[in-house]
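*Asks:* Please find the sequence and the predicted model below.
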Amino acid sequence: MSFLITTLSAIIIFGLVVMIHELGHFACAKWAGIQVNEFSIGMGPALFSRIRKGTRYSIRALPLGGYVSMEGEDGAAQEPAEELPEIPQEEKTGIPYPKAPVHKRIVVLVAGAFMNLVLGFAVLLILFGSGNLMVSRTVAMLDQNAPIAASGIRVGDEILSINGRRCLVANDIIYELQRSTDHKADFTVRRAGEKLSFPDVEFTMEEAPDGTPVMNMGFKVYRLENTAGNVIRQAGLHTVFYARLVFRSLADMLTGRVSVTELTGPVGIVSAIGEAAGMGLDQLLSLLALLTINLGVFNLLPLPALDGGKLVFVCYEGIFRRPVPQKLEVWVNVAGFVLLLGLMAFATFNDLGRLFV
């Protein structure tokens, strides 16, 4: 039964995240007057296909992806390889993608990521609006037996930053403390309108009954009242928090703080979805928000084969008034796609290692 719940949850989450992303590209391509040859949810063989107003709508067998295929994109007509009914030429009323104005192509490229952020924000609105999950960054209680009690921090202090990094939400506090390697951190707080700094504030690590280490911060924060203003504000701030995790994780990996063996791929994500599904709807919604926001931000990174990489080419064309040579663009995107496949394979190998060790 748990396998069935995990499978269904993974299909729904992956399908929703991909569909909203591709829907952004699709809607803006139609707005820009670009000929969209196919809007597909899933990859691989087509399970369902229908042509309507010059566009093929497909559902494909593998629910781990999807795409919007535009005329002339990457130098090809982008028609599917398998035997499917051709789109009548007279129904193709749009212009090829490269012929669209630069500013409209930019909108098309950014729209997918934007819709992922919108989905994440909407999920967080539901999550915070339906439960008592909102907490502040203001200290509500100090454990007098913990080291932090002697640091000078008081009840009522609002935590602004830790180790020089700004804290927007309570999760930032936990994240920054977990990054501290010596169980010490520099706090900046606001007290009665004044900013105060407290260096080398200590916290402790304890052992849970199952033997896993657990961080004891030594303090708790106030809950926030469940008002419409707080719900909207916390949903927005948590959207930014999840988005910043992409850059923080990449920085940690590049600096060696986190090993590349910690990289997670589709298998690890499905495993996380299964665990979240077992914990309840709130955990599943939190994971959905994290995944869709991370996908949106990651897609805008200026890397080949991603929307951000294509955005670099389009911006180059807009600045220098000439497109990048088509062969160069194709080869760069192919190389980037191969690199991403290799990265995914490596991450999957890591996931399988964690599952079976």
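*Replies:* Happy to help now that I have it.
*Asks:* contacts and neighbour counts: CA atoms only from here.
*Replies:* Will do.
*Asks:* Tell me where the protein has strands.
*Replies:* In the chain, strands defined by DSSP state E lie at 36-52, 55-70, 135-142, 158-162, 165-166, 184-191, 194-202, 204-207, 213-216, 219-223, listed in chain order.
*Asks:* mind checking pLDDT for R179?
*Replies:* Per-residue pLDDT puts R179 at 83.
*Asks:* mind listing what it touches?
*Replies:* With contacts taken as C-alpha atoms under 8 Å, 6 or more residues apart in numbering, R179 has no neighbouring residues.
*Asks:* contacting residues around N299?
*Replies:* So N299 contacts A113, L306, D307, G308 (C-alpha under 8 Å, 6+ apart).
*Asks:* I'd guessed the third one sits against A111; true?
*Replies:* What that stands for is D307. No: counting by C-alpha atoms under 8 Å, A111 is not a contact partner of D307; they are 9.7 Å apart.
*Asks:* ok, now how distant is the nearest residue in space to V314 that is not next to it in sequence from G120?
*Replies:* Here the nearest residue to V314 in space, its sequence neighbours aside, is V102; by C-alpha to C-alpha, 6 or more residues apart in numbering that works out to 6.5 Å. V102 is 28 Å from G120, where distance means C-alpha to C-alpha, to the nearest Å.
*Asks:* And F3, by the same measure?
*Replies:* From F3 across to G120, the span is 26 Å (C-alpha to C-alpha).
*Asks:* Then V297?
*Replies:* Computed as C-alpha to C-alpha, the V297 to G120 distance reads 11 Å.
*Asks:* Those two - which one has more neighbours?
*Replies:* Counted by other C-alpha atoms under 10 Å, V297 and G120 do not tie: G120 has more neighbours, with 29 against 20.
*Asks:* Does the more buried one touch L290 like I think?
*Replies:* Yes: with contacts counted by C-alpha under 8 Å, G120 reaches L290, the gap being 7.2 Å.
*Asks:* In this protein, which residue is most central in space?
*Replies:* Taking C-alpha atoms, centre = their mean as the criterion, N294 is the residue nearest the geometric centre of the chain, at 1.0 Å.
*Asks:* Contacts only, for that residue.
*Replies:* The neighbourhood of N294, defined by C-alpha under 8 Å, 6+ apart, consists of Y242, A243, L245, V246.
*Asks:* Show me the shaky parts of the stretch 1-150 of the chain.
*Replies:* Counting by pLDDT under 70, the stretch 1-150 of the chain shows low-confidence ranges at 1, 74-83, 132.
*Asks:* If we use 50, what do you get?
*Replies:* Along the stretch 1-150 of the chain, the parts satisfying pLDDT under 50 run over 76-81.
*Asks:* all helices for it, in order.
*Replies:* Read by DSSP state H, counting those that start in this stretch, the stretch 1-150 of the chain holds these helices, from start to end of the chain: 2-31, 102-130.
*Asks:* and of the ones you listed, who's closest to Y67?
*Replies:* Shortest separation from Y67 across these is recorded for helix 2-31, at 6.0 Å, computed as C-alpha to C-alpha.
*Asks:* so what secondary structure elements neighbour the closest one?
*Replies:* For helix 2-31, the contact count by 3 or more C-alpha pairs under 8 Å, 6 or more residues apart in numbering; DSSP states H and E identifies strand 36-52, strand 55-70, helix 102-130, helix 266-279, helix 281-299 as packing neighbours.
*Asks:* orientation of that helix relative to strand 55-70 in degrees?
*Replies:* 80 degrees (axes from the mean of the first three to the mean of the last three C-alpha atoms, to 10 degrees).
*Asks:* Surely F26 and V68 touch.
*Replies:* Yes: using C-alpha under 8 Å, F26 and V68 qualify as a contacting pair, with a distance of 6.3 Å.
*Asks:* Compare neighbour counts for those two and give me the winner.
*Replies:* When F26 and V68 are compared for neighbours, F26 comes out ahead with 25 against 20, by other C-alpha under 10 Å.
*Asks:* circling back: give me the subset of the contacts of N299 that lies in helices.
*Replies:* Among the contacts of N299, DSSP state H puts A113, D307, G308 in helices.
*Asks:* Near the last one, how many other residues are there?
*Replies:* This means G308. Taking other C-alpha under 10 Å as the neighbour definition, G308 ends up with a count of 21.
*Asks:* Contacts only, for it.
*Replies:* With contacts defined as C-alpha under 8 Å, 6+ apart, the neighbours of G308 are L109, N299, L300, L301, P302.
*Asks:* just the residues you listed now: which is nearest G164?
*Replies:* Nearest to G164 among the contacts of G308, counting by C-alpha to C-alpha, is L301 at 25.0 Å.
*Asks:* show me the residues around the closest one that make contact.
*Replies:* If you count contacts by C-alpha under 8 Å, 6+ apart, then L301 has D307, G308, G309 around it.
*Asks:* if you skip the residues just before and after it, what's nearest to I11?
*Replies:* The shortest distance from I11 to any residue that is not its chain neighbour, by C-alpha to C-alpha, 6+ apart, is 6.2 Å, and that residue is P63.
*Asks:* Kindly report the same for G65.
*Replies:* Leaving aside its sequence neighbours, G65 sits nearest to G42 (C-alpha to C-alpha, 6+ apart; 4.7 Å).
*Asks:* is it true that H238 touches V169?
*Replies:* Yes: under the criterion of C-alpha under 8 Å, H238 makes contact with V169 at 6.8 Å.
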